[in-house]
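Novice: Generate coordinates for the sequence data below:
(one chain, ligands or ions: 3)
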Amino acid sequence: METMRMPDAQQAGSLLPQPSTSQLSTKVPNGRGARIRPQATRGLLRQRSIRAVVEPPVLPFEKDAEHLSQWRPESWRQLKAYQQPNYRDEKKLRDAVETITRMPPLVFAGECRNLQSRLAKCAAGEAFLLQGGDCAESFSQFSANRIRDSFRVMLQMAVVAMFGGGVPVVKIGRMAGQFAKPRSADLETIDGMELPSYRGDIINGAEFTESARVPDPQRLVQAYNQSASTLNLLRGFSTGGYAGLQRVMQWNLEFMGKSDEGQAYMDLAKRVEEAIQFMEACGLENDTPMMTETEFYVSHECLLLDYEQALTREDSTTGLWYDCSGHFLWCGERTRQLDAAHVEFMRGIANPIGVKVSDKMDASQLVSLIAALNPENTPGRLAVIIRMGAGKLRENMPRLVEAVESAGQTVTWVCDPMHGNTESVAGYKTRRYERIRQEVEAFFDVHEQLGTVPGGLHLEMTGDDVTECLGGGSSILEADLNSRYHTHCDPRLNAEQALEMAFYVASRLRQRKDRMSAQGAAKPSSPVFM
Ligand SMILES: O=C[C@H](O)[C@H](O)COP(=O)(O)O
Ligand SMILES: C=C(OP(=O)(O)O)C(=O)O
Ligand SMILES: [Mn+2]
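Specialist: Numbers count the residues shown, from 1 in each chain. Ligands and ions are numbered 1, 2, ... in the order given. Next comes the predicted model:
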C-alpha cells in the first residue's frame with residue numbers, strides 16, 4: 001500500500017530561514033542562483049527541430065536532476081516569499097505547523113497522478129478542464145448545503161459541456177483549501193481608519209477591526225480541519241450515488257428551475273436521460289462506476305507556504321514529494337517571480353500545478369517559468385491560466401502562446417476570465433458577465449486562429465443565488481449588488497450565470513469538435529471519466 005512520509009518534524013517545524021546548505025549549492029551569495037540554460041528545454045528544441053522565437057531561457061537556478069533531488073519542502077525559506085503574513089507569535093506558529101505536520105494528508109499521490117493524466121488530455125484537446133469555486137472559502141459560511149450546491153452546479157456545467165460540447169470534462173473545485181488571499185495593498189482604509197488587509201480566513205478575519213486583522217496561526221489548523229470535512233463530503237457526493245448520471249434531472253437547483261438557464265438545462269438533461277435510456281436498452285450496465293460515480297478534484301492557490309510545507313509528504317511508491325493539501329495547486333499572478341519562494345516550492349512538488357499569467361508577462365519570461373516548473377515537459381503537469389481581461393487578451397495572449405509552442409513546451413492553456421475584469425461599482429467590487437464572456441470568447445478565438453488547444457476554464461463561482469457579478473440572463477443590476485453580496489473577497493458568478501457560461505463554452509467546444517472532425521483530426525474521446 002502506498003504511504004506518505006512526513007517531512008522531518010523538526011525541519012518542517014523550523015520556521016526560521018535555514019542556513020545555506022549544500023541543497024542549493026548553485027546559489028550565489030546575493031540569493032540569486034547561477035544563470036545557466038535548462039537541459040530539458042534545450043533537448044526538446046533539438047529533438048523537435050523547432051526554431052525558438054525567443055532566446056532559450058536563462059534561469060536563475062540550475063534545473064538539473066541533481067538539483068531537483070536536493071529539493072526539500074523547506075528549500076523555499078532561502079528565498080523571498082511574497083504575500084506572507086507577519087505572525088507576531090513565532091511559538092504559536094511553530095505549534096500550529098507542527099500540529100498540521102502530524103495530521104494525515106488530505107489527498108493521495110495516486111489521485112494527483114490520475115488528475116495529471118486527465119490534464120494531459122485537456123492539453124491535447126481530448127478533454128476540457130472546468131475549475132471553479134469561491135474566491136475565498138470562509139469559516140463563517142461553511143455549510144454542507146453550500147458545498148453541495150457548488151458541487152451540484154459544477155456537475156450541471158460538466159454535463160452541459162460534455163453533452164453539448166462532446167468532450168469529457170475534468171472537474172476541479174476551488175475548494176477544501178482555498179483560504180489564503182494575495183492582496184494588491186497591505187492596508188485597507190475605511191472612513192479614515194487604516195488596518196491591515198484581510199488575507200483570507202486561514203490568516204486573519206474579514207471584519208474591519210484591529211483584532212480581527214491580526215494574523216492568527218491557529219487559523220491554519222481550523223483551515224486544515226474545514227478542508228478535511230469539505231473533502232470528506234465531496235468524496236461522499238462523488239462516489240455515494242449523488243453524482244450518478246441517472247440523477248441528471250434532479251440536480252437542477254430550486255431557484256434555477258424558473259430561469260432561462262434552468263429551463264435550458266432541463267431540456268438538455270431530458271435529452272441526456274433519453275440517451276441513457278437508449279443505451280440501457282442497448283444493454284448498458286447502469287450500475288457501473290462510470291454511471292454512478294464521478295471524479296472530482298480539489299485545488300487552491302499555493303500561497304501560504306507554512307501551510308503547504310506542513311502538508312508536503314514523500315510518496316513511498318515513487319520517492320517524489322507531493323503537497324497533500326490538494327490535488328492541484330496554482331501559483332498566483334503576484335507570486336510567480338522566477339527567483340522567489342513560491343516557484344522554488346512549486347517546482348519541487350509532483351502534483352499537477354498551474355500558474356496565473358496576466359498581460360504583464362513577457363514571452364521569454366513565460367518560457368523560462370515553464371522550464372523551471374516543468375523541466376521534463378510532462379504533459380498535464382502544468383496549466384498556464386491566462387487572466388488578462390477581455391480587452392487585453394486578444395492583443396497579449398498570441399505572443400505568449402506562440403513562444404511556448406515554438407519552444408516545444410506542452411502546457412494546458414486555461415482561461416480565467418474573472419481576475420482581469422474586476423471593477424468597482426457603487427462601492428462593490430464586481431464583474432460584468434458580458435466582459436467575462438467576452439474574455440472566454442477571445443480565448444477560444446485566439447486558440448482557433450493559432451491552431452492551439454483551449455484546455456479549460458477557471459471560474460470564481462458559487463451554487464448560491466448571490467448578486468455579486470452584474471448582468472447575465474438573470475440580469476443582476478447595479479441596484480441588486482447589495483441584496484445578496486456575500487463574498488469575502490472577489491465577486492463570483494451565481495449558479496445561473498455559471499450555467500449560462502457553461503452553455504457558451506459547450507457551443508465553442510462543439511464548434512471546435514466539428515471543425516476538427518471535418519479536418520479528420522478529431523480523436524475519439526475516452527469515456528473513462530466524467
Ligand atoms: O482573488 C484574487 C486576489 O486576492 C484579489 O483579486 C485581490 O484583490 P485586491 O486587488 O482587492 O487586493
Ligand atoms: C488570486 C487569484 O488570482 P490571481 O493570482 O490571478 O490574481 C485567485 O485566483 O483568487
Ligand atoms: Mn479572486
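Novice: What sits closest to the residue in the stretch 51-200 of the chain that ligand 3 sits nearest to if chain neighbours are left out?
Specialist: Residue nearest to ligand 3 within the stretch 51-200 of the chain (CB to the ion): C135, separated by 3.5 Å. All C-beta atoms are positioned from the backbone trio N, CA, C, and that covers glycine. The shortest distance from C135 to any non-neighbouring residue, by CB to CB, 6 or more residues apart in numbering, is to D490 (3.7 Å).
Novice: Which pLDDT value belongs to that neighbour?
Specialist: Predicted confidence (pLDDT) for D490: 97.
Novice: Likewise for S525?
Specialist: 57.
Novice: now do Q246
Specialist: Q246 is given a pLDDT of 88.
Novice: could you give me the average pLDDT of the longest helix belonging to the chain?
Specialist: In the chain, assigned by DSSP state H, the helix with the most residues is helix 495-518. Average pLDDT, helix 495-518: 96.
Novice: now for that helix, which elements pack on it?
Specialist: With contacts taken as 3 or more CB pairs under 8 Å, 6 or more residues apart in numbering; DSSP states H and E, helix 495-518 sits against strand 128-133, helix 144-159, helix 165, helix 260-281, helix 433-450, strand 454-460.
Novice: which stretch in those is the model least sure about?
Specialist: helix 260-281 (a mean of 92).
Novice: Buried residues, the helix or strand that that one is followed by. List them.
Specialist: Next along the chain after helix 260-281, taking DSSP states H and E as the criterion, comes helix 289-292. Neighbour-count burial for helix 289-292, with 16 or more other CB atoms under 10 Å as criterion, is recorded at M290, M291, T292.
Novice: can you check stretch 495-504 too?
Specialist: Buried-residue list, stretch 495-504, by 16+ other CB under 10 Å: A495, E496, Q497, A498, L499, E500, M501, A502, F503, Y504.
Novice: quick revisit: give me the angle between the longest helix of the chain and strand 454-460.
Specialist: Going by axes from the mean of the first three to the mean of the last three CA atoms, to 10 degrees, helix 495-518 is angled at 180 degrees with respect to strand 454-460.
Novice: Can I get helix 495-518 in PDB, CA atoms only?
Specialist: Only the C-alpha atoms of helix 495-518 are listed here, as PDB (Å, rounded to 0.1, in the frame of the first residue of the first chain):
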ATOM      1  CA  ALA A 495     -25.400  29.400 -10.300                       C
ATOM      2  CA  GLU A 496     -27.500  30.800 -13.200                       C
ATOM      3  CA  GLN A 497     -24.600  32.900 -14.600                       C
ATOM      4  CA  ALA A 498     -22.200  29.900 -14.200                       C
ATOM      5  CA  LEU A 499     -24.600  27.700 -16.100                       C
ATOM      6  CA  GLU A 500     -25.000  30.300 -18.800                       C
ATOM      7  CA  MET A 501     -21.300  30.300 -19.200                       C
ATOM      8  CA  ALA A 502     -21.300  26.500 -19.500                       C
ATOM      9  CA  PHE A 503     -23.700  26.700 -22.400                       C
ATOM     10  CA  TYR A 504     -21.400  29.200 -24.100                       C
ATOM     11  CA  VAL A 505     -18.400  27.000 -23.600                       C
ATOM     12  CA  ALA A 506     -20.300  24.000 -24.800                       C
ATOM     13  CA  SER A 507     -21.100  25.800 -28.100                       C
ATOM     14  CA  ARG A 508     -17.400  26.600 -28.600                       C
ATOM     15  CA  LEU A 509     -16.300  23.100 -27.800                       C
ATOM     16  CA  ARG A 510     -18.900  21.700 -30.200                       C
ATOM     17  CA  GLN A 511     -17.700  24.100 -33.000                       C
ATOM     18  CA  ARG A 512     -14.100  23.000 -32.300                       C
ATOM     19  CA  LYS A 513     -15.000  19.400 -32.400                       C
ATOM     20  CA  ASP A 514     -17.000  19.700 -35.700                       C
ATOM     21  CA  ARG A 515     -14.100  21.700 -37.200                       C
ATOM     22  CA  MET A 516     -11.600  19.000 -36.100                       C
ATOM     23  CA  SER A 517     -13.800  16.200 -37.400                       C
ATOM     24  CA  ALA A 518     -14.200  18.000 -40.700                       C
END
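Novice: Quick check, the residue in the stretch 401-530 of the chain closest to ligand 3?
Specialist: Counting by CB to the ion, the stretch 401-530 of the chain gets nearest ligand 3 through D490, at 3.5 Å.
Novice: Contact residues of the protein facing ligand 3?
Specialist: Residues of the chain found near ligand 3 (CB under 5 Å from the ion) are C135, D490.
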